[in-house]
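Trainee: Fold the following for me, if possible:
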Amino acid sequence: MNASRAELNDYIRSSTDPRGECIALERLFKRLAAGTISGSVIAQKSTVAAVRASGTVTLIYNDLAGNDTVTIAGITITCVTGNPTGFTQFKKVTDLATTAANLAAAINGLTTLNIYVSATAAAGVVTVTAHQSGVVGNSISLTESSATPTGIVVSAATLTGGAGGIVSAPVTYSRGL
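Mentor: Presented below is the predicted three-dimensional model:
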């Protein structure tokens, strides 16, 4: 029997528990080795410890205005001075630290974004960190749009500093094809 893409995806699924991923892969490899399914596995190895990419969003309180935006991985979050209507908005309040914490909470609460990154805030700076370790995080975009040039300042056009991960050429292992 050939394993369907859905069946293979059932084996290789995201999990907050890495042991679950290892168990799922172990079951997949055992079935391939036993010949109960046929398929291919492409493997690559890394000899370098993977590092997560990150970037910063610095809020300049006096210049920050309603409708200023930060966009991460193509998802825009807008500053508002009233009550936010969802996680696509963060509220500018009477102090910088709380305003930055509001932005971090919006990033972490937005389900279309928090699958890629997480955020922390300290002293008016929000640090955005990729969940996936390695160079892949360096492709996550990070941009801003401010009424004044300095209401929101991002560290770079993408997250940076992601390193490691895949360093070898891919090797394909096939069984029963």
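Trainee: Now do the SS call for residue 106.
Mentor: helix (DSSP: H, G, I helix; E, B strand; the rest coil).
Trainee: Give me the pLDDT for it.
Mentor: Residue 106 carries a pLDDT value of 97.
Trainee: my read: it touches residue 84, true?
Mentor: Yes. Between residue 106 and residue 84 there is a contact under C-beta atoms under 8 Å: 7.2 Å. Where C-beta positions appear, they are placed from N, C-alpha and C, glycine not excepted.
Trainee: More neighbours: the two, which one.
Mentor: Higher neighbour count among residue 106 and residue 84: residue 106, with 24 against 16, using other C-beta atoms under 10 Å.
Trainee: residue contacts, the more buried one?
Mentor: 77, 84, 87-90 (C-beta atoms under 8 Å, 6 or more residues apart in numbering).
Trainee: Make TSV out of those and add distance to residue 140 and pLDDT.
Mentor: Output for the contacts of residue 106, formatted as TSV (distance: C-beta to C-beta, whole Å; pLDDT from 0 to 100):
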residue	distance to residue 140	pLDDT
77	14	97
84	23	95
87	18	92
88	17	96
89	21	97
90	19	97
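Trainee: Most neighbours among these, which one?
Mentor: Neighbour-wise, the contacts of residue 106 (other C-beta under 10 Å) top out at residue 90, 26 neighbours.
Trainee: In which helix or strand does residue 153 reside?
Mentor: Assigned by DSSP states H and E, residue 153 falls within strand 152-154.
Trainee: now that strand: how far from the chain's centre is it?
Mentor: 19 Å (C-alpha atoms, centre = their mean, to the nearest Å).
Trainee: for stretch 54-66, same thing?
Mentor: Centre-to-centre, stretch 54-66 and its host chain are 20 Å apart (C-alpha atoms, centre = their mean).
Trainee: same check, this time on stretch 49-63
Mentor: How far stretch 49-63 lies from its chain's middle: 13 Å, per C-alpha atoms, centre = their mean.
Trainee: tell me, what's touching residue 106 and residue 84 both at once?
Mentor: Joint contacts of residue 106 and residue 84 (C-beta under 8 Å, 6+ apart) are residue 90.
Trainee: what about stretch 64-73, distance to the chain center?
Mentor: 18 Å.
Trainee: ranges for the helices of the protein?
Mentor: Along the chain, counting by DSSP state H, helices occupy 5-11, 18-34, 96-109.
Trainee: Which of those comes out lowest on mean pLDDT?
Mentor: Across the helices of the chain, helix 5-11 gives the lowest mean pLDDT, at a mean of 50.
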